[in-house]
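Asker: 3D model of this:
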Amino acid sequence: MEYLKYPSKEEVAEYCQSCGIEVPDKYPVSIFLNGLIREFEQITGWKSFLSNNKETTYRFQVSEKNDHYDSIIEFHTGLLEIKYLIDDDGVMYKDDKYWMLYPEKNIESNKPYEWIQIQKNILYRKKRISICGIWGYALSLPEDVWMGMLKKCSVELLRIQLHKISKGLKSWTQFGVTETFGLKYYTELLEQWKEDYRLLVERYKRVTYQF
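Answerer: Have a look, this model is predicted:
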């Protein structure tokens, strides 16, 4: 299953309540969700991860190496579809014979393009090239990303629950007997959600290429 948007505050609250976690009335779930999205995109290297499915144009600097211009440009985010190129002189190129997109896609690949190789004659004596296309990692969120964001947002609410149960204390010892506050169920759930999110980030972390 895929999702067209990130979890809402209502979905976070419903999920927490299904796990026995109280959601404070005044807790700013939306603010925390927005911060979490920015964090996820920064750590994984995909900005924006979820595409807005609108044509957007970005201008890229053409690197100069050994008195010639390189034909490879790495994107700052994923590219789902390219519409056209525009050079410094305003010339537009719409035919895909002028470029190659990588990594090459296959039937099983759902990943976006990460860099482009452009015919060098187009870039000759040019310092910038504009690329119009649909940008982002995906048009919809994979189920594991949506669920991972839901759990990660719930982690903070779970911490509040643990604090409330223990009144700020982690444990106490008396007469040689130690009692740990927070209940085993909640502490184990907290650690599992944190680990799930760590694995999610590793799964989607962008690889940096050397050209």
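
Asker: for the rest of this, base every contact and every neighbour count on C-alpha atoms.
Answerer: Noted.

Asker: what about the helix ranked longest in the chain, average pLDDT?
Answerer: Once the chain is assigned using DSSP state H, the helix that runs over the most residues is helix 143-166. Averaged across helix 143-166, pLDDT comes to 81.

Asker: let's see the longest strand along the chain as PDB, backbone CA atoms only.
Answerer: In the chain, taking DSSP state E as the definition, the longest strand is strand 72-87. Taking Å, rounded to 0.1, in the frame of the first residue of the first chain, the C-alpha atoms of strand 72-87 are listed here in PDB:
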ATOM      1  CA  ILE A  72      27.700  14.800 -15.700                       C
ATOM      2  CA  ILE A  73      25.500  16.600 -13.200                       C
ATOM      3  CA  GLU A  74      24.400  15.100  -9.900                       C
ATOM      4  CA  PHE A  75      21.000  16.200  -8.600                       C
ATOM      5  CA  HIS A  76      20.400  17.600  -5.100                       C
ATOM      6  CA  THR A  77      17.300  15.400  -5.000                       C
ATOM      7  CA  GLY A  78      15.600  12.600  -7.000                       C
ATOM      8  CA  LEU A  79      14.300  13.200 -10.500                       C
ATOM      9  CA  LEU A  80      11.100  11.300 -11.500                       C
ATOM     10  CA  GLU A  81      10.600  12.700 -14.900                       C
ATOM     11  CA  ILE A  82      12.500  15.200 -17.100                       C
ATOM     12  CA  LYS A  83      10.600  17.600 -19.300                       C
ATOM     13  CA  TYR A  84      13.300  19.700 -21.000                       C
ATOM     14  CA  LEU A  85      16.700  21.400 -20.600                       C
ATOM     15  CA  ILE A  86      17.500  25.100 -21.200                       C
ATOM     16  CA  ASP A  87      21.100  26.300 -21.700                       C
END
